[in-house]
Every structure is written in C-alpha cells, then in structure tokens.
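# Make a model of this:
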Amino acid sequence: MVGSLDTLPLSQIDDDLAFRLRAEGDVTGLAQSIAREGQLVPIEVRLRGPGRWQIIAGFRRVAALHLLQREQVLARLHDQLSDDEALALAVADGVTERPLGREELEILRARLSDEGRYGPAVQEAVVRALGEAPPPPEPEEVDLDVFSRDVRGQLANLAVDIGSLYENWSDVDPAVREDLRTQLRYFRELLPFLEEEALGSAASGEELKEGES
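So this is what the prediction gives:
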C-alpha cells in the first residue's frame, strides 16, 4: 500500500466521509502546529477519476488546512487501493496520528462489522491496535474428488520420475537411494489397505461393532 508523495490542490479532494473513523474535533492546535512547522505528515488519498481524489486518512489535517485557508495539501497518492485496503490504512493512520482508545476501537470494530466492512486487512489493523492475538485461520474445506485426482496426478508424475532415476540408479547418492527405497516400501505396505476388498472388510467390521453395541 505504498503510494507516491505529491502536493495536491485541496479543491481536488472530494468531500467524502466514507473512511472517516471519528469526527475531527477541535483542530485549532493542529492548525497552529502546521502554521509553525508546515504539514509534516501527508494525508492518504486514492484516485477516483481524472483530477479527483478520495481521502482515506488525514481528515484532521485537511480540516486544519481549511482553517488556515491553505490551498495545497501534502498527500500520498494511491492509484489502486481496494476498499478493504483503504479502510485498513485509515485504521492504521488513526491509531498512529491520535491513538484510538480501547473503547473507541471496540466501538469502531462493532460499527465496521455491522456495515459489512470488517474484512481481513481491517481486522488485522484493529487487532494489532488492541494488542490481541490474531484469530486462527478458518480451516479450508477440502473437495475429496479434487484432492483424490490431484494425488493421482502426483503419483503419475512420481512414477515417471522414478523411471528416469532407474536409468541412472547407480549414479545416485547411496544415502538418497536408501531414502527412496524406504519411501517406496511405505507405499508397498500401504497398498493392501487400499484394496477394494480390504476397504469392504473394514466397513463391514465397523457395522458389526455398531450392531453389537
């Protein structure tokens, strides 16, 4: 999410509050600081169209510049930024510029969740600000049909690779040869359990146990 720095006319910044996390409040002190030292921290904006920018972060800085009747703003420009990435950037900036308290963060999390805007990137930024452990990733559902076909393809490729090794078997490192033999023995020992008859017997045994219980 690294953008390029540039100076923009304030007139090109849309009056859009989509990513404002809280009201600007009194910006008199910030305006005085900018008047003395200049704007030290750029705002974050993303492209909306030719010559138009949407503000992502830095609403207080923009309000202070308006109060000073300035016409230019130092901004970091983002040409391509998703809504989720933009919101995460807004949260990160809000925590850095004027730290959100725990209660404010909890309220923000609830609001964004209700609005359907609490995506992974935003969640990471809020969780980091709260000092919480990240939630465990949700287990991915495995399509058994797709998985079994994938395994079949891998075994076919493996057979071809082993055939290629056979032609130069004597040149293979002895330790590697032994490791390969160990793995192949494992497959050989596994094969009887995958035979149709063995699988059928196992299923019948399970049914018998259930009936006895």
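# okay, CA-based contacts and neighbour counts for the rest of this
Fine.
# same for the strand or helix carrying residue 53, what does it pack against?
Residue 53 is located in strand 52-57, with elements delineated by DSSP states H and E. Packed against strand 52-57 by the contact rule (3 or more CA pairs under 8 Å, 6 or more residues apart in numbering; DSSP states H and E) you find strand 43-49, helix 83-97.
# Quick one: closest of those to residue 75.
When these are compared by CA to CA, strand 43-49 sits nearest residue 75, at 4.7 Å.
# ok now the closest one, how far from the chain's centre?
21 Å (CA atoms, centre = their mean, to the nearest Å).
# any idea of the angle that strand forms with strand 52-57?
Calculated by axes from the mean of the first three to the mean of the last three CA atoms, to 10 degrees, strand 43-49 forms an angle of 150 degrees with strand 52-57.
# Other residues contacting strand 43-49?
53-59, 61-62, 73-81 (CA atoms under 8 Å, 6 or more residues apart in numbering).
# list the buried ones in the strand holding residue 53?
53, 54, 55, 56, 57 (16 or more other CA atoms under 10 Å).
# show me what contacts the last one?
For residue 57, the contact set (CA under 8 Å, 6+ apart) comprises 19, 20, 43, 44, 45, 89, 90, 93, 94.
# Which residue is the nearest non-sequential neighbour of the fifth one?
The spatially closest residue to residue 45, leaving aside those adjacent along the chain, is residue 55, at 4.4 Å (CA to CA, 6 or more residues apart in numbering).
# That neighbour reaches residue 11, doesn't it?
No - at 12.0 Å, residue 55 does not count as touching residue 11 under the criterion of CA atoms under 8 Å.
# tell me the SS of residue 76?
Secondary structure assignment for residue 76 (DSSP: H, G, I helix; E, B strand; the rest coil): strand.
# State the next helix or strand along the chain beyond the longest helix belonging to the chain.
Using DSSP state H, we find that the single longest helix of the chain is helix 144-167. Going down the chain from helix 144-167, the next helix or strand is helix 174-194, by DSSP H and E.
# Serialize the contacts of residue 57 to JSON lines and add fields for pLDDT.
As requested, the contacts of residue 57 are exported to JSON lines (pLDDT from 0 to 100):
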{"residue": "19", "pLDDT": "91"}
{"residue": "20", "pLDDT": "90"}
{"residue": "43", "pLDDT": "92"}
{"residue": "44", "pLDDT": "93"}
{"residue": "45", "pLDDT": "95"}
{"residue": "89", "pLDDT": "87"}
{"residue": "90", "pLDDT": "87"}
{"residue": "93", "pLDDT": "79"}
{"residue": "94", "pLDDT": "72"}
